[in-house]
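In: predicted coordinates and the sequence they were generated for:
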There are 2 protein chains.
Amino acid sequence: MQAIANHHDIPAAVGHLLQTELAVRRAEVLAIDPRLDTGVDELIRFTMNGGKRLRPQFLVCGWLAGGGSADGAAGEQAVRAAASLELIQACALLHDDIIDRSETRRGAPSAHRTMAKSHADGGFEGEAEHYGISSALILGDLALAWADDLFAEAALALDAPAAAWSAWREMRTEVLSGQLLDLRTAAANVGPAEQARDAMRVNRYKTAAYTVERPLQIGASLAGAGREVVAELRRFGVDIGIAFQLRDDLLGVFGDPSVTGKPAGDDLVEGKKTLLLATARSELAETSPALLAELDAGVGTAATPRQVDRLAGIIAGTDAVTAMEDRISELVTSGLAALDRSGIDDTVRRQLRDLAVAATQRRR
Amino acid sequence: MQAIANHHDIPAAVGHLLQTELAVRRAEVLAIDPRLDTGVDELIRFTMNGGKRLRPQFLVCGWLAGGGSADGAAGEQAVRAAASLELIQACALLHDDIIDRSETRRGAPSAHRTMAKSHADGGFEGEAEHYGISSALILGDLALAWADDLFAEAALALDAPAAAWSAWREMRTEVLSGQLLDLRTAAANVGPAEQARDAMRVNRYKTAAYTVERPLQIGASLAGAGREVVAELRRFGVDIGIAFQLRDDLLGVFGDPSVTGKPAGDDLVEGKKTLLLATARSELAETSPALLAELDAGVGTAATPRQVDRLAGIIAGTDAVTAMEDRISELVTSGLAALDRSGIDDTVRRQLRDLAVAATQRRR
């Protein structure tokens, strides 16, 4: 394995490890029945087409920050633990796409659509759509189980301290609780202020902790880092993680579909209750009840590009975008300050700084 | 904790441990947001209302057969590992009930129904049914993640050999692959002979291995048992596990709803492609094409008790029931023979014999 001293090397190392591991798992599944190839190949395709590999980059940087080695057998186990996050993410996305009834993911058909198509193409019995959803559900479970296998293997090989296992445990409970909370708050009919509080809480648990704070903590704990270093990394991680989500919310309304791989204004179509939306609603409640009513009626029901454009225009007409950009800047500043207090080695700190910028200033 | 030298003590010990562990997890989830109480309480209710605790009994008997201690700290860790199987099972049932669109489970509303009702009762926004399904999906994921946490805790405390971790890993891949295969074969339009082969393969992976063989192997491996003992336990487990499933298939058509907690003829309503059904179809293809056509038209579409009764009557009129009973007897005989060859301590062997009978001669 190549050394992973530079965070730019991590996505390739993780991709390579996933490819090798998933080929072994594929063989195990096909030994049970060769007809499972369509399903397992879809899971592999989905996982390999894995975007930015941000979570693994944070985990490995946490590992390096905690004094872990960038190469050799230990470095490879750190990459293995990092790769396990991508399988958790595969589960989260497969199941989210069922919940959100998403037709596409990363510019390709979502897994439940692909599996439904395999049903239709194969001339199978029963309902193609339900078959697709059921298959994607179980493929997500497989990804979750395999994530645990990969993490356990790495943690055992590294003779990991209890703190690393705890962080892993807490991360999974947190992200799944965040998903439950997302469902629960999406169903709540509340005013802008409470909606903003809810959005921040979902952001924190469903995304921020799981994307930055916990991966850093897991990586550092695997390396046996001291409490102080872990605490500063987590402070940095909380801020950058929330800024990451706020950027995501902006991209979900104003992102360029050719760059994000998602339809324009996807969050508006889905009716996602983001802080951006809550902030716009809050302002409109004071300044323009008519526009507020139009926005509320359209979010979650808009179907045509023209309708979506109109809703995005209403939000763009408020100060919500500026407020979000300001908030992102503040969070990045406070996160980087925690990082600077951490006493972490300069080289790793520079990489974490790069990653923080990449996570919060991205266009996809 | 009370000693678990007798398998009758295991369900209570597992129930007690689950209650304690789940109370801790509940507190963690509610610390994230108190509104998650409805969801997590449903998961706890579902897991605690856990039926026969057969899988934990097999795991602990495997542990004792492998030389593990019935009491003390090690005995408690064996119970913890056993309890983790009930969380895997909770995930499997929660997700199966979504896939099968089951309204009830163990005589109570299924979790997605309960969660849909909480949506309607709470006057939430959006579709109650989809909210119920989405919530039960994530609750199943939580159960799967917590199963891994419990198992890892036990395995680490016991300083478990690699063989125990491997068995755990293989079991999860197997049962999930079995679920995928169940979906795949249910959608296949095939003749009776291929249907029978498919049913046996689904039985083996989705149920038999996961219910008896793998729990025994995991328990014995946790105790550091030798290869020979593990191999004989697995031979016993494969046979008893398949016999368990064949009994389940008979109960799914002829079981007494007041005892099984499932609607009469549930498998006929669901259109489950069991070996029992394949055997009856095979015979009818030779003897009565008209009855075969009636059976095929009714399975999966029958809606009234009268229609279900009629289908059960057609199956009862063939030799399929006798064939299944004979097969169960043969499997129990061969399984017990493997057990007798195993050289396992007499007391534990007697308990495994009891369990084998309980698993294959049950009425629920």
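Out: Nice, I can see it.

In: tell me the contacts of A:Glu325?
Out: Going by Cβ atoms under 8 Å, 6 or more residues apart in numbering or on different chains, A:Glu325 touches A:Leu250. Using the backbone N, CA and C atoms, a C-beta is placed for each residue, glycine as well.

In: 10 Å - rerun?
Out: Neighbour list for A:Glu325: A:Leu246, A:Arg247, A:Leu250 [criterion: Cβ atoms under 10 Å, 6 or more residues apart in numbering or on different chains].

In: right, and the first one touches A:Val253 too?
Out: No. Using Cβ atoms under 10 Å as the test, A:Leu246 is too far from A:Val253 to be in contact (11.6 Å).

In: so for these two, which residues contact both of them?
Out: Common contact partners of A:Leu246 and A:Val253 (Cβ under 10 Å, 6+ apart): A:Thr274, A:Leu276, A:Met324.

In: show me those that map onto helices.
Out: Using DSSP state H, the members of the shared contacts of A:Leu246 and A:Val253 that fall within helices are A:Leu276, A:Met324.

In: one step back: out of the contacts of A:Glu325, who has the most neighbours?
Out: Greatest neighbour count in the contacts of A:Glu325, by other Cβ atoms under 10 Å in any protein chain shown, goes to A:Leu246: 25 neighbours.

In: pLDDT value on that one, please?
Out: The model reports A:Leu246 with a pLDDT of 95.

In: so it: helix, strand or coil?
Out: At A:Leu246 the chain is in helix, as set by DSSP: H, G, I helix; E, B strand; the rest coil.

In: could I get the contacts of A:Glu325 in TSV, plus columns for distance to A:Ala225?
Out: Listed next are the contacts of A:Glu325 as TSV, based on distance: Cβ to Cβ, whole Å:
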residue	distance to A:Ala225
A:Leu246	28
A:Arg247	28
A:Leu250	33
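
In: pipe those into TSV and attach distance to chain B per row.
Out: Formatted as TSV, these follow (distance: Cβ to the nearest Cβ, whole Å):
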residue	distance to chain B
A:Leu246	20
A:Arg247	23
A:Leu250	24
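
In: residues in contact with A:Ala70?
Out: Applying Cβ under 10 Å, 6+ apart to A:Ala70 gives the contacts A:Gln2, A:Ala3, A:Ile4, A:Ala5, A:Asn6, A:Asp9, A:Val60, A:Trp63, A:Leu64, A:Ala78, A:Thr347, A:Val348.

In: distance from the longest helix along chain A to the middle of the chain?
Out: Assignment by DSSP H gives helix A:128-157 as the longest helix of chain A. Relative to its chain's centre, helix A:128-157 lies at 16 Å (Cα atoms, centre = their mean, to the nearest Å).

In: next one: stretch A:141-160
Out: Mean-position distance between stretch A:141-160 and its chain equals 19 Å (Cα atoms, centre = their mean).

In: for stretch A:157-174, same thing?
Out: The chain centroid and the centroid of stretch A:157-174 are separated by 19 Å under Cα atoms, centre = their mean.

In: report the mean per-residue pLDDT for it.
Out: Taken as a whole, stretch A:157-174 carries a mean pLDDT of 98.

In: which one among the shared contacts of A:Leu246 and A:Val253 gets closest to chain B?
Out: A:Thr274 (15.9 Å; Cβ to the nearest Cβ).

In: quick one: the strands in chain A?
Out: Here chain A has its strands, by DSSP state E, at A:104-105, A:108-109.

In: can you redo those as TSV with mean neighbour count, mean pLDDT and distance to chain B?
Out: Shown next, in TSV, are the strands of chain A (neighbours: other Cβ atoms under 10 Å in any protein chain shown; pLDDT from 0 to 100; distance: least, Cβ to the nearest Cβ, whole Å):
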stretch	mean neighbour count	mean pLDDT	distance to chain B
strand A:104-105	18	85	17
strand A:108-109	15	90	19
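
In: now distance to A:Leu181 too, for the ones you listed, in JSON lines please.
Out: Shown next, in JSON lines, are the strands of chain A (distance: least, Cβ to Cβ, whole Å):
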{"stretch": "strand A:104-105", "distance to A:Leu181": "22"}
{"stretch": "strand A:108-109", "distance to A:Leu181": "28"}
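
In: of those, which is nearest B:Leu216?
Out: Among those, the nearest to B:Leu216 by Cβ to Cβ is strand A:104-105 (40.2 Å).

In: roughly how far is the closest one from the heart of the chain?
Out: Centroid displacement of strand A:104-105 relative to its chain, using Cα atoms, centre = their mean, is 14 Å.

In: what's the distance between the residue of the stretch 201-350 of chain A found nearest chain B and A:Arg184?
Out: Taking Cβ to the nearest Cβ, chain B has its nearest neighbour within the stretch 201-350 of chain A at A:Tyr205, 5.5 Å off. According to Cβ to Cβ, to the nearest Å, A:Tyr205 stands 12 Å off from A:Arg184.

In: intersection of neighbour lists for these two?
Out: The contact sets of A:Tyr205 and A:Arg184 overlap at B:Asp33 (Cβ under 10 Å, 6+ apart).

In: just the helices in the stretch 101-250 of chain A please.
Out: Using DSSP state H, counting those that start in this stretch, the helices of the stretch 101-250 of chain A run over A:111-122, A:128-157, A:162-186, A:192-202, A:214-222, A:227-254.

In: next one: the stretch 251-364 of chain A
Out: Secondary structure of the stretch 251-364 of chain A (DSSP H, counting those that start in this stretch): helices located at A:257-260, A:266-270, A:275-287, A:289-298, A:305-316, A:320-341, A:346-360.

In: okay, those, which one's buried deepest?
Out: By mean neighbour count, with neighbours taken as mean count of other Cβ atoms under 10 Å in any protein chain shown, helix A:266-270 ranks first of those at a mean of 22.

In: out of the helices of the stretch 101-250 of chain A, flag the one nearest B:Ala90.
Out: helix A:128-157 (12.3 Å).

In: buried stuff in the closest one?
Out: Buried residues in helix A:128-157, counting neighbours by 16 or more other Cβ atoms under 10 Å in any protein chain shown, are found at A:128, A:130-156.

In: hmm, back to that, B:Glu232: which of the strands of chain A is closest?
Out: The minimum distance between B:Glu232 and the strands of chain A falls on strand A:104-105, with 47.2 Å, by Cβ to Cβ.

In: how near is A:Gly62 to A:Glu213?
Out: From A:Gly62 over to A:Glu213 the distance is 10 Å, taken as Cβ to Cβ.

In: was I right to think A:Ser84 contacts A:Ala152?
Out: Yes. If you go by Cβ under 10 Å, A:Ser84 and A:Ala152 touch, sitting 8.7 Å apart.

In: identify the contacts common to the two.
Out: Shared contacts of A:Ser84 and A:Ala152, defined by Cβ under 10 Å, 6+ apart, are found at A:Trp168.

In: re the thing from before, out of the contacts of A:Ala70, who's near chain B?
Out: When contact is defined as Cβ under 10 Å from any Cβ of the partner chain, those do not meet chain B at all.
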